[in-house]
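Trainee: Build me a structure from this.
(one chain, ligands or ions: 1)
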Amino acid sequence: MASVTSLTANVNAHLASALSATLPEATDADPLLRRSDRADYQANGILALAKKAKANPRELATQVVEKITAPGLFKDVEVSGPGFLNITVTDKAIIDTLAARAADGDRLGVPLKDQPGISVIDYAQPNVAKEMHVGHLRSAVIGDALRGMLDFTGERTIGRHHIGDWGTQFGMLIQYLIENPDELSAETDTDGEQAMSNLNRVYKASRAVFDADEAFKERARKRVVALQSGDKETLDLWQRFVDESKVYFYSVFEKLDMEIRDDEIVGESAYNDGMPETARLLEEMGVAVRSEGALVVFFDEIRGKDDKPVPLIVQKADGGFGYAASDLTAIRNRVQDLHATSLIYVVDVRQSLHFKMVFEAARRAGWLTDEVTAHNMGYGTVLGADGKPFKTREGETVRLEDLLDEAVQRAAEVVREKAQDLTEDEIQERAAQVGIGAVKYADLSTSANRDYKFDLDQMVSLNGDTSVYLQYAYARIKSILRKAEGAEPAAHPKLELHAAERALGLHLDAFGDTVFEAAAEYAPHKLAAYLYQLASLYTSFYDKCPVLKADTEEQKENRLFLCDLTARTLHQGMALLGIRTPERL
Ligand code: ARG
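Mentor: Residues are numbered from 1 along each chain as shown. Presented below is the predicted three-dimensional model:
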């Protein structure tokens, strides 16, 4: 594995050293390099430096240009405007760099972090005995993409699926099952849909009895106590609910083409044993105080209506622990036992106050130190095409499986229409990859904290910023490579490049920088935007530069080389986002 320094990083380094050779006080100065339309790059950093040094910016810029020594890298560095630098790199530098990337397999020359940390990512956390909703879909999709990107940078990631598997509702469910033991007959428990419909049935039936029958309500309450005290029979039945739910979760995750590991499903209940200690420690340290019997943490800056402070409730007056206690205990586990350096929570933005309080409490307790970052990657609401929260026409929440099935079905129509030499089986297989990819991409291409419209028409459209567009771009390139017959992609650094080739090449070179930036900022949409631009630049390259009918054999090989590297970059980038790129479409 050979990592490749990007041209941008190279240009930046040479400029920085020319700057400090010209102005000793500019040793750490940032040349403020960015891609530009006029040339390949523009550097704006000299203006501020000149101001500071009371020098003439254009003169300073000219001196800097004289100090630049990098034979082969720069084709032209020109002072422009009040003291900008317009920088053009050589064609050879572009092709040489890309050739080094191409020689590096799937990593495409992207380096690994020098000092990788351990990121614990809390995502894909549905609730036991409940249907998953579109919010859970977002958490799963965003979390999975984030993980893909972080892994690629060399970060060690650990998943935690903090499923809602505890709470007083289990008293009712378990008591009902004790009184109606055949209701969860699990013969059909290989089918997720069946499992969920069993659970729904039990949920509805037990709710009905619970609401109508006081004596049952009392028995259910006692059952909660039995569950909390670890009564064997009660726990066994609780486990059946969890297992049945997992069958359902896994079926949805499989539809989503997403790998979820059983050892990473560590739900709320996993922290039960640690919660009394969490409470005791918080109280001893004075982080939490007793208030009306409950154990709570107050925050000066967090106030609700009437300017009353809103407390975080660690333990209720009746002694019960809830959501906050489990999250605080989870933090202790993730930092102290898993040695996390970053905690990431991909959870609905509507829970951001909860996390703000939990993080702050954990900081006060010393469980979160300066070495550990904690971040709630709060995502927005999924809206229907009409811009209102996503519901069926009857006003009910949409079942996730139905939604995914519909996406696949719509994708099948698109694939069938375009399909030339695909069998029906192949169409179905592609449809799954296109449909699920469309759902994921629509989610990932908007910045996570924004609401987004779930609009299947738009998602499977061939035009515009969709995964289908990217998948078609990929498949088209693969088809060209197949048609090349005998001619192999090969880099020819001596060739003069067309402007469209240079633009594509410079963008290809920026893949690693983009992944690192997107991973560091927890911003999958930046990678999505990069890939979309890559496909667009490829399209204009393809329009302007004949590949199979190139002027010379060398030019043909070099263009095939650009095609091949574009395909591989698209493939890898999409894979990081959890999206497949079929070879033929
Ligand atoms: N199960 C919760 C829900 O459906 C999300 C859990 C988020 N993770 C956490 N550590 N609190 O809303």
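Trainee: per the record, what domains does the chain have?
Mentor: 7-89, 118-163+267-376, 169-258, 400-576 (automatic domain parsing).
Trainee: Of all those domains, which one is nearest residue 582?
Mentor: domain 400-576 (5.2 Å; CB to CB). From N, CA and C alone the C-beta is placed, and that goes for glycine too.
Trainee: Show the end-to-end separation of the closest one, please.
Mentor: Length of domain 400-576, first residue to last, CA to CA, to the nearest Å: 23 Å.
Trainee: just to revisit the earlier point, reformat the domains of the chain into TSV and put mean neighbour count, distance to residue 95 and mean pLDDT next to each item.
Mentor: What follows is these, written out as TSV (neighbours: other CB atoms under 10 Å; distance: least, CB to CB, whole Å; pLDDT from 0 to 100):
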stretch	mean neighbour count	distance to residue 95	mean pLDDT
domain 7-89	18	11	91
domain 118-163+267-376	19	25	96
domain 169-258	17	36	92
domain 400-576	19	4	95
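Trainee: so which of these comes closest to the ligand?
Mentor: Checking the domains of the chain against the ligand by CB to the nearest ligand atom gives domain 118-163+267-376 as the closest, at 3.7 Å.
Trainee: Report whether that closest one contacts the ligand.
Mentor: Yes. Domain 118-163+267-376 reaches the ligand (CB under 6 Å from any ligand atom) through 122, 125, 127, 162, 327, 345, 347.
Trainee: Which two among those residues are spaced furthest apart?
Mentor: By the measure CB to CB, 127 and 345 form the most distant pair in these, at 15.8 Å.
Trainee: Phi and psi next, for the residue nearest to residue 165 when sequence neighbours are not counted.
Mentor: Excluding the flanking residues, the one nearest residue 165 by CB to CB, 6 or more residues apart in numbering is residue 267, at 3.7 Å. In terms of degrees, to the nearest 10, the main-chain angles of residue 267 are phi -80, psi -180.
Trainee: so residue 267 makes contact with residue 162?
Mentor: Yes. Under the criterion of CB atoms under 8 Å, residue 267 makes contact with residue 162 at 6.3 Å.
Trainee: joint contacts of the two?
Mentor: Shared contacts of residue 267 and residue 162, defined by CB atoms under 8 Å, 6 or more residues apart in numbering, comprise residue 125.
Trainee: ok so, going back, can you flag which of the residues of domain 118-163+267-376 next to the ligand belong to helices?
Mentor: Those of those mapping onto helices are residue 327, per DSSP state H.
Trainee: Quick one: the residues of domain 118-163+267-376 next to the ligand as TSV, columns for distance to residue 207 too.
Mentor: Converted to TSV, the residues of domain 118-163+267-376 next to the ligand look like this (distance: CB to CB, whole Å):
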residue	distance to residue 207
122	29
125	23
127	15
162	25
327	27
345	30
347	26
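Trainee: all strands in this structure, in order from the N-terminus.
Mentor: 33-35, 41-43, 74-80, 84-89, 118-122, 156-160, 289-291, 294-297, 312-315, 342-345, 373-376, 382-383, 452-453 (DSSP state E).
Trainee: Report the beta-bridge partners for the nearest residue to residue 387 once chain neighbours are set aside.
Mentor: Residue nearest to residue 387 in three dimensions, not counting chain neighbours: residue 453, with 6.7 Å by CB to CB, 6+ apart. On the basis of DSSP bridges, residue 453 is bridged to residue 383.
Trainee: Residue 513 is in contact with residue 10, isn't it?
Mentor: No. Proximity of residue 513 to residue 10 does not meet the contact threshold set by CB under 8 Å, at 11.4 Å.
Trainee: So what touches stretch 452-467?
Mentor: Here stretch 452-467 makes contact (CB under 8 Å, 6+ apart) with 134, 380, 382-385, 387, 390, 403, 406-407, 410-411, 413-414, 418, 434-435, 437-443, 445-446, 468-469, 472, 528, 532, 574, 579.
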